[in-house]
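> I would like to see how this sequence folds:
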Amino acid sequence: NDLTVGEFHDLGDPRAMSDLDVVMSVKFETDADYKTYQAHELHLKLKENAGKYLAGPPVTYDFWTK
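Okay, here's the model as predicted:
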């Protein structure tokens, strides 16, 4: 329902993923919306292609939107 894209903003947190240039945050209104997104063909292709870059321990990524 809502996609936010932002650029990294350094707030001094040592866990921050400062080596990444962009963050995308997706918001869902319902569980059904989330499940539809998870099963969508384009999302599955994104996971297949970007999965190796997205795996890892929890981190923070502070960002400002424009």
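> where do the helices sit along this protein?
Using DSSP state H, the helices of the chain run over residues 31-39, 41-54.
> out of the ones you listed, nearest to Met17?
Nearest to Met17, of all the helices of the chain, is helix 41-54, at 10.9 Å by Cβ to Cβ. Glycine gets a C-beta too; all of them are placed from N, C-alpha and C.
> what is that closest one packed up against?
Identification of packing neighbours for helix 41-54 by 3 or more Cβ pairs under 8 Å, 6 or more residues apart in numbering; DSSP states H and E yields no helix or strand.
> ok, and what's touching that helix?
Tyr37 (Cβ atoms under 8 Å, 6 or more residues apart in numbering).
> what about it, distance to the chain center?
On the basis of Cα atoms, centre = their mean, to the nearest Å, helix 41-54 sits 12 Å off its chain's mean C-alpha point.
> now the angle from it to helix 31-39?
If you take axes from the mean of the first three to the mean of the last three Cα atoms, to 10 degrees, helix 41-54 sits at 70 degrees to helix 31-39.
> buried sites along helix 41-54?
For helix 41-54, burial by neighbour count (16 or more other Cβ atoms under 10 Å) applies to no residue.
> the most centrally placed residue in the chain pairs with what?
Compute the mean C-alpha point of the chain, and by Cα atoms, centre = their mean the closest residue is Met24, 4.2 Å away. As for beta bridges, Met24 partners with Val5 under DSSP bridges.
> what pLDDT does the residue sitting furthest away from the middle of the chain get?
In terms of distance from the mean C-alpha position of the chain, Gly12 ranks first, at 20.2 Å (Cα atoms, centre = their mean). Looking at Gly12, its pLDDT reads 83.
> quick one: it from Ser18, how far?
10 Å (Cβ to Cβ, to the nearest Å).
> the closest residue to Lys27 other than its chain neighbours and Gly51: what is the separation?
Distance criterion Cβ to Cβ, 6 or more residues apart in numbering; nearest residue to Lys27, sequence neighbours excluded, is Asp2 at 4.0 Å. Noted for Asp2: a distance of 23 Å to Gly51, by Cβ to Cβ.
> contacting residues for Val26?
Per Cβ under 8 Å, 6+ apart, neighbours of Val26: Asp2, Leu3, Thr4, Tyr37.
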